[in-house]
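Participant: can't give you the sequence, but here's the structure:
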């Protein structure tokens, strides 16, 4: 999954706005176990002024953490912006029985 996320890096950078970036960071911090620490989240948010640069740093950090972290990020993206997830190829227009199972995130398991 890290390879899949890495391949979509440029399109992800161009498709993420500030609000979605914050949602992704919050979801990654709230995952169990957390994908990002508070320090890493602050580094992403404060290291750059431009959303695209912040998004690139986030993608790189998550990819470096491996497949599980990448799967979690893609799952959060699918829930927060299904159209972008489809555009990036993370979510196919297939019957549910043929889709690759992803981790399900909701308010109860993010806390």
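Facilitator: Right, received. Where do you want to start? Note that the structure is predicted; figures quoted are calculated from it, not measured. Numbers count the residues shown, from 1 in each chain.
Participant: flag the shaky bits of the protein, pLDDT-wise.
Facilitator: 92-111 (pLDDT under 70).
Participant: center of it, which residue is that?
Facilitator: Ranked by distance to the mean C-alpha position of the chain (CA atoms, centre = their mean), the top residue is residue 73 at 2.9 Å.
Participant: gap between it and residue 49?
Facilitator: For residue 73, the distance to residue 49 (CB to CB, to the nearest Å) stands at 22 Å. All C-beta atoms are positioned from the backbone trio N, CA, C, and that covers glycine.
Participant: got a list of what the residue nearest to the centre of the chain touches?
Facilitator: By CB atoms under 8 Å, 6 or more residues apart in numbering, residue 73 lies in contact with 5, 24, 27, 28, 35, 62.
Participant: repeat that for 10 Å
Facilitator: Contact analysis of residue 73 by CB atoms under 10 Å, 6 or more residues apart in numbering lists 1-2, 5, 12, 24-25, 27-28, 31, 35-36, 58-59, 61-63, 65, 90.
Participant: of the residues you listed, which belong to helices?
Facilitator: Among those, the members found in helices (DSSP state H) are 2, 5, 12, 24, 25, 27, 28, 58, 59, 61, 62, 63.
Participant: want to throw those residues into TSV with neighbour count and distance to residue 80?
Facilitator: Below are the ones in helices among the contacts of residue 73 laid out as TSV (neighbours: other CB atoms under 10 Å; distance: CB to CB, whole Å):
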residue	neighbour count	distance to residue 80
2	18	20
5	22	15
12	26	12
24	25	7
25	21	11
27	20	7
28	24	11
58	24	13
59	22	15
61	18	18
62	25	15
63	20	19
